[in-house]
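Undergrad: my questions are about this predicted structure, shown below with the sequence.
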Amino acid sequence: MILSSFNNKQTTMSNYQNGLNQETTLEIPKWRLTKIYNKDSFVQVSNQAFIHFNTSDGRINGNGSCNSFGGKLTVDGNSLRFDNIFSTKMYCSDVRNIEDQFFRKLQLVNRYEIKGNRLLLCAGDVPVLEFDAG
């Protein structure tokens, strides 16, 4: 019986890692930032920026590549809002531009979509940030 439960858990984790789990939610360990959308283009991000959602406590936290951040989270269906976002204030010249864009875009977000292992944070119908599960 224990072996059977272990095998089922392994299958579930494999499905999740392959992006096949249909129950991906906001509350995975962390969402890794992959794109920042601008008006007519996007910036591919390959640094350590990520966000973590804790819907039960109504909080977010993460890292913008250099600075840790946190704030209040309100979720209602696919609508969400971030309030009182704060961050540490270290200076990292090599990631400053990406981090500044990331933090500015977070303030615009009012909706999200999860598609497979991707999370889109949107301002209305327009994606502003994209993340991968992981």
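TA: Cool, the structure landed. Bear in mind that the values here come from a model prediction, so they are computed numbers and not experimental data.
Undergrad: find the least confident helix or strand in the protein, judged by mean pLDDT.
TA: Lowest by mean pLDDT, DSSP states H and E among the helices and strands of the chain is helix 2-17, with a mean of 34.
Undergrad: after that helix, which helix or strand is next? Please name it.
TA: strand 31-37 (DSSP states H and E).
Undergrad: neighbours of Phe82, how many?
TA: Phe82 is flanked by 20 other residues according to other CB atoms under 10 Å. Using the backbone N, CA and C atoms, a C-beta is placed for each residue, glycine as well.
Undergrad: which SSE is the closest residue in space to it that isn't next to it in sequence in?
TA: Closest residue to Phe82 apart from its sequence neighbours, by CB to CB, 6 or more residues apart in numbering: Gly71 at 5.2 Å. Gly71 belongs to strand 68-76 when elements are defined using DSSP H and E.
Undergrad: please consider this matter closed, and thank you.
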